[in-house]
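Novice: model this:
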Amino acid sequence: MIPPAGGPVWGAASADLNATLLEWPAGAGPAEHVNEQPDVLYVVIGGSATLTVDGEPRELSNGDATIVEKGSRRALVAGPDGVRYLTAHRRREGLRITGPPARPARRRGQ
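Specialist: Numbering: from 1, shown residues only. The predicted model follows:
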C-alpha cells in the first residue's frame, strides 16, 4: 500500500550513481520541473503513472522503464492505484565551499 503523503522512501549513492525509490498515492506526484544536469532513468516497479515530458504524456506501468534527458520539463502523476518507481542518474557534484578568488599580484609602484 502506498503511503498517503508520497515521496522518497529509500535512496543510495556511490561515487558515480544516485538511486531513489519513490512512492506516490493516486493523483499525486512531483510537480513539473526541469533538471538541467543528468539524464534520469525511471523504472516503475508497482502501480502506474503518467510521466509528462516536454508536454508529451507517457503512460507507464509495472515493469516499464524510460529515460528522461537532461533539460526536459517533466512531471509525474500517479495512476488510480498509486505508483512505486526507482530513479537513477549519474551522481551530481555537491556544493563545495571554497575561499575567495586569489587577488592578482601587485607590481611595484602601483
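Novice: Over to residue 31: give its phi and psi.
Specialist: Phi and psi for residue 31, reported as degrees, to the nearest 10, are phi -70, psi 160.
Novice: What is the burial count for the residue lying closest to it once chain neighbours are set aside?
Specialist: Excluding the flanking residues, the one nearest residue 31 by CB to CB, 6 or more residues apart in numbering is residue 75, at 6.3 Å. (C-beta placed from N, C-alpha, C; glycine too.) Neighbour count of residue 75, defined by other CB atoms under 10 Å: 15.
Novice: so who does residue 75 touch?
Specialist: Under the criterion of CB atoms under 8 Å, 6 or more residues apart in numbering, the neighbours of residue 75 are 29-33, 51-52.
Novice: cool, and residue 82?
Specialist: Residues in contact with residue 82 (CB under 8 Å, 6+ apart) are 2, 6, 23-26, 28, 46-47.
Novice: and stretch 17-31, C-alpha only, in CSV?
Specialist: What follows is stretch 17-31, C-alpha atoms only, in CSV (Å, rounded to 0.1, in the frame of the first residue of the first chain):
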residue,chain,number,x,y,z
LEU,A,17,25.5,6.9,-9.2
ASN,A,18,22.4,8.2,-7.3
ALA,A,19,19.3,5.9,-6.9
THR,A,20,16.0,6.8,-5.3
LEU,A,21,12.9,4.7,-4.7
LEU,A,22,9.7,6.9,-4.6
GLU,A,23,6.0,6.2,-3.9
TRP,A,24,3.0,8.4,-4.6
PRO,A,25,-0.7,7.8,-3.9
ALA,A,26,-3.3,8.1,-6.7
GLY,A,27,-3.3,11.6,-8.4
ALA,A,28,-0.1,12.7,-6.6
GLY,A,29,3.5,13.1,-7.7
PRO,A,30,6.3,15.6,-8.1
ALA,A,31,5.4,18.9,-9.7
